[in-house]
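K.L.:
Dropping the sequence and predicted coords here.
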Amino acid sequence: METIAPYTINKTIVDMNPIGSDEKADLQEILVYNGGALQYVTINAIKEQQEKINNLESKNNSLEQQLGLLRNELESLKKLYLSSTSQAQNSSK
């Protein structure tokens, strides 16, 4: 964690002897993890993902509308083609 997110790690000096002990202080440096900083990173990552999702949904809706219009246009062209071929067959008889 110290290399990935150093802002979550603090160094502190602690007396390793039990409280109330008469022994000489045994001071050691330890690393203390603070996960609170990751909450902000996580929240911001979620916000970014939600923005991407919203953009993709909007783009998808737009593409679905375009597809619907193209399908309607294709259907109209099919009807027009069938109508014109039917008229051509009737006039050739």
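P.N.:
In hand now; what should we look at? Note that the coordinates shown come from a computational prediction; the quantities given were computed from them, not determined experimentally.
K.L.:
Okay, domains of the chain per the record?
P.N.:
Here the domain parsing of the chain from automatic domain parsing is 1-34, 36-81.
K.L.:
Can I get the ones you listed in JSON lines including distance to residue 88 and mean neighbour count?
P.N.:
Quick note: C-beta positions are derived from backbone N, CA and C, even for glycine. What follows is those, written out as JSON lines (distance: least, Cβ to Cβ, whole Å; neighbours: other Cβ atoms under 10 Å):
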{"stretch": "domain 1-34", "distance to residue 88": "73", "mean neighbour count": "10"}
{"stretch": "domain 36-81", "distance to residue 88": "11", "mean neighbour count": "10"}
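K.L.:
Relative to the whole chain's centre, how far out is whatever helix or strand residue 83 lives in?
P.N.:
Element membership of residue 83, judged by DSSP states H and E, is helix 36-92. Computed by Cα atoms, centre = their mean, to the nearest Å, the chain-centroid distance of helix 36-92 equals 21 Å.
K.L.:
helices or strands next to that helix in the packing?
P.N.:
Based on contacts counted as 3 or more Cβ pairs under 8 Å, 6 or more residues apart in numbering; DSSP states H and E, there is no element that helix 36-92 packs against.
K.L.:
what residue ranges in this structure are flagged as low confidence?
P.N.:
Low-confidence segments of the chain, defined by pLDDT under 70: 93.
K.L.:
ok, back up a step: just tell me which of the domains of the chain ends up closest to residue 90.
P.N.:
Taking Cβ to Cβ as the criterion, domain 36-81 is the member of the domains of the chain that comes nearest to residue 90, at 15.0 Å.
K.L.:
on that earlier part again, would you reformat the domains of the chain as JSON lines and include distance to residue 87?
P.N.:
Written out in JSON lines, the entries for those read as follows (distance: least, Cβ to Cβ, whole Å):
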{"stretch": "domain 1-34", "distance to residue 87": "73"}
{"stretch": "domain 36-81", "distance to residue 87": "11"}
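K.L.:
Out of these, which gets nearest to residue 92?
P.N.:
When those are ranked by proximity to residue 92, the top entry is domain 36-81, at 16.5 Å, counting by Cβ to Cβ.
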